[in-house]
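**Student:** let me see the structure of the following:
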Amino acid sequence: MPTDDAFAAITDGSVEEMKRNPKLVKDFLTQHILGYSLPPQNLKNNMKVKSLNGEMHMINVIDGGKILVDGNEVIAATAAKNGNVYVMDKMLDRSGRRSRSIADELRKRSDLSTFSSLIQRSDLNSKLSRESGPFTVLVPNNEAL
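**Tutor:** Numbering: from 1, shown residues only. Here you go, the predicted model:
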């Protein structure tokens, strides 16, 4: 479940669009709901889970219990009588992660901007922007560069 701050951080107009389109609201909500209870003690690193809208999400448990869902940090976990609530610092990506290219993924991450700008200036940008592949890119973050 995203926080109010996560909603406030959206500047692409999608919140306004959701207010006008009930189907988008349902898609958004079901992307954030699993059809089963998953307590924190059952979470594993590199665990794939499927939301009610059919999207697959990756859960990572790192650094002594820090939980990430698709890279978004879980800042609180609460047990309820009918399941569990995980509060995240950001929303799950609404644009469909699998539909973006590697180049798109690199561009959206501010901590990878140096590497991304090098890719954009090289002849690799077009290759990583197309549906060709598959590729695996091992990216140093800005601090490493």
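**Student:** quick one, helices of the protein?
**Tutor:** Residue ranges of the helices in the chain, as given by DSSP state H, are 4-8, 14-20, 22-31, 102-108, 113-121, 124-129.
**Student:** in stretch 21-38, what's buried?
**Tutor:** Judged by neighbour count using 16 or more other C-beta atoms under 10 Å, the buried positions of stretch 21-38 are Phe28, Gln31, His32. Any C-beta I mention is one placed from the backbone N, CA and C, and that applies to glycine too.
**Student:** ditto for stretch 103-113
**Tutor:** Applying a neighbour-count criterion of 16+ other C-beta under 10 Å, one finds Ala103, Glu105, Leu106, Arg107, Leu112 buried in stretch 103-113.
**Student:** what residues does it touch?
**Tutor:** The set of residues that contact stretch 103-113 without belonging to it, under C-beta atoms under 8 Å, 6 or more residues apart in numbering, is 100, 115-116, 119-120, 125, 128-129, 137, 139, 141-143.
**Student:** hmm, try it at 6 Å
**Tutor:** Ser116, Asn125, Leu128, Ser129, Val139, Asn141, Asn142 (C-beta atoms under 6 Å, 6 or more residues apart in numbering).
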